[in-house]
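**Student:** task: produce atomic coordinates for the following.
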Amino acid sequence: MPSSIKIKNSQSDDSSLDSLFIMVMSQKQASNKYMLDEDVVDESPVAYRTPAEILDELNIDKRTHIDLPTQSIGTVTGKTGEGVCERTLAIIKPNAMKFRTEIENRIIDEGFEILTKRTVHLSPEQASEFYASYYGTLGFPTRIVYMSSAPITVYVLAREKAVSHWLKVIGPENVAEAELFWPSSLRGVFGKCDNVDNAVHGSADHIASKWEIRFFFPHLILEPISQDEVAEEYLNKNLNPILSEGLAELLRVKPIDPIIWFAEWLLWHNPNRPKLLPEAIARTKT
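**Tutor:** Numbers count the residues shown, from 1 in each chain. Okay, the predicted model is just below:
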């Protein structure tokens, strides 16, 4: 070991080696970044916090690996059961970017809607934050170097049971297992030889998906997705009665310009229109 690199005995643990490894690779990649021929890499900032801070927020022990569950544990609307739409995060990793068209076609064929997407080139620090749950594991430095080596494309997908269904579509994390037992999964088709270069990423559960979406899309508004039954109930209760009353009045009055008349009638009879108190009406100029 060159004399210019010294590691204190009191600090020679896994975290110091990981930090040293990531620092060296970060300097090496600084002169090696490239742009995709067909895309403009999104250079807008991704909010950065240290791995320790994000581990504290997620309440995850840094030596614990998150195993992928087989079912979703929640939904966007906070309900459970059939027919509830969810969101999940999907990532096409660096070596699978050349198969992006095929992967996007599979996403559509599986009934997902792509709500938004962006192509980014993560720094080692950002990759470390995103994969903070793997911190301290044997392959953590390799994972960080790989995920920050080239641009990736990130998607927000939506459909019924999106989290669990996307995990089934991509297959198990281990590529050899995917090729043997789930050969038609995305990892079985496009994955390479290990748990890192396995083509795609999927949120482990609803809690993880919500945080991961916020990580890559900090300005995306995650409002509950309205269901058909909920929308129909709202229309029957709030909109249809006022429309029926207005159309009946339109037929009775028969104005010269029915469109303008009906628009003004709706403005004046809007049930959500602010109502003036009696004393405020008394002070209103006439």
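
**Student:** what separation do you get for residue 207 and residue 163?
**Tutor:** 10 Å (Cβ to Cβ, to the nearest Å). Backbone N, C-alpha and C define where each C-beta goes, glycine included.

**Student:** do residue 93 as well
**Tutor:** Residue 93 is 19 Å from residue 163, by Cβ to Cβ.

**Student:** more crowded one of the two?
**Tutor:** Under the criterion of other Cβ atoms under 10 Å, the comparison of residue 93 against residue 163 puts residue 163 first, with 27 against 21.

**Student:** thought residue 210 was touching that one, still the case?
**Tutor:** No. If you go by Cβ atoms under 8 Å, residue 163 and residue 210 don't touch, sitting 10.1 Å apart.

**Student:** three-state assignment of residue 172?
**Tutor:** The local conformation at residue 172, judged by DSSP: H, G, I helix; E, B strand; the rest coil, is coil.

**Student:** can you check the one 5 residues further on too?
**Tutor:** With three-state DSSP as the basis, the three-state label of residue 177 is helix.

**Student:** how many other residues sit next to it?
**Tutor:** 16.

**Student:** look at it and report its pLDDT.
**Tutor:** Per-residue confidence (pLDDT) for residue 177: 92.

**Student:** which residue lies closest in space to it, excluding its sequence neighbours?
**Tutor:** Of all residues not flanking residue 177 in the chain, residue 171 sits nearest, at 7.9 Å (Cβ to Cβ, 6 or more residues apart in numbering).

**Student:** so, low pLDDT: which residues of this structure?
**Tutor:** 1-84, 222-230, 273-286 (pLDDT under 70).

**Student:** care to break it down by domain?
**Tutor:** Domain segmentation of the chain under automatic domain parsing yields 13-216, 228-283.

**Student:** for stretch 190-198, which positions count as buried?
**Tutor:** Of all the residues in stretch 190-198, those buried under the rule 16 or more other Cβ atoms under 10 Å are 190, 191, 195, 196, 197, 198.

**Student:** surely the first one meets residue 200?
**Tutor:** In other words, residue 190. Yes. Between residue 190 and residue 200 there is a contact at 7.4 Å, judged by Cβ under 8 Å.

**Student:** which neighbours do the two share?
**Tutor:** Taking Cβ atoms under 8 Å, 6 or more residues apart in numbering as the contact rule, residue 190 and residue 200 both touch 96, 103.

**Student:** show me the helices in the stretch 51-200 of the chain, by range?
**Tutor:** With helices called from DSSP state H, counting those that start in this stretch, the stretch 51-200 of the chain shows them at 51-58, 100-109, 124-130, 140-147, 162-170, 175-181, 186-190.

**Student:** burial of residue 200, as a residue count?
**Tutor:** Considering only other Cβ under 10 Å, residue 200 is surrounded by 24 other residues.

**Student:** with residue 113 instead?
**Tutor:** Residue 113, neighbours per other Cβ under 10 Å, totals 14.

**Student:** contacting residues for it?
**Tutor:** 157, 158, 159.

**Student:** can I get these in CSV with distance to residue 217 and neighbour count?
**Tutor:** Compiled in CSV, these are given as follows (distance: Cβ to Cβ, whole Å; neighbours: other Cβ atoms under 10 Å):
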residue, distance to residue 217, neighbour count
157, 12, 27
158, 13, 18
159, 18, 18
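
**Student:** how about those in CSV, adding distance to residue 124?
**Tutor:** Putting those into CSV (distance: Cβ to Cβ, whole Å) gives the following:
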residue, distance to residue 124
157, 27
158, 31
159, 33
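
**Student:** so of those residues, which ones are in strands?
**Tutor:** If you go by DSSP state E, these have 157, 158, 159 in strands.

**Student:** how about residue 270: what's its closest non-neighbour residue?
**Tutor:** Using Cβ to Cβ, 6+ apart and skipping the chain neighbours, the partner closest in space to residue 270 is residue 242 (7.7 Å).

**Student:** check which helix or strand covers the one you found.
**Tutor:** Here residue 242, judged by DSSP states H and E, is contained in helix 240-253.

**Student:** which outside residues touch that helix?
**Tutor:** Contacts of helix 240-253 with the rest of the structure, by Cβ under 8 Å, 6+ apart, involve 258, 261, 262, 265, 266, 269, 270, 271.
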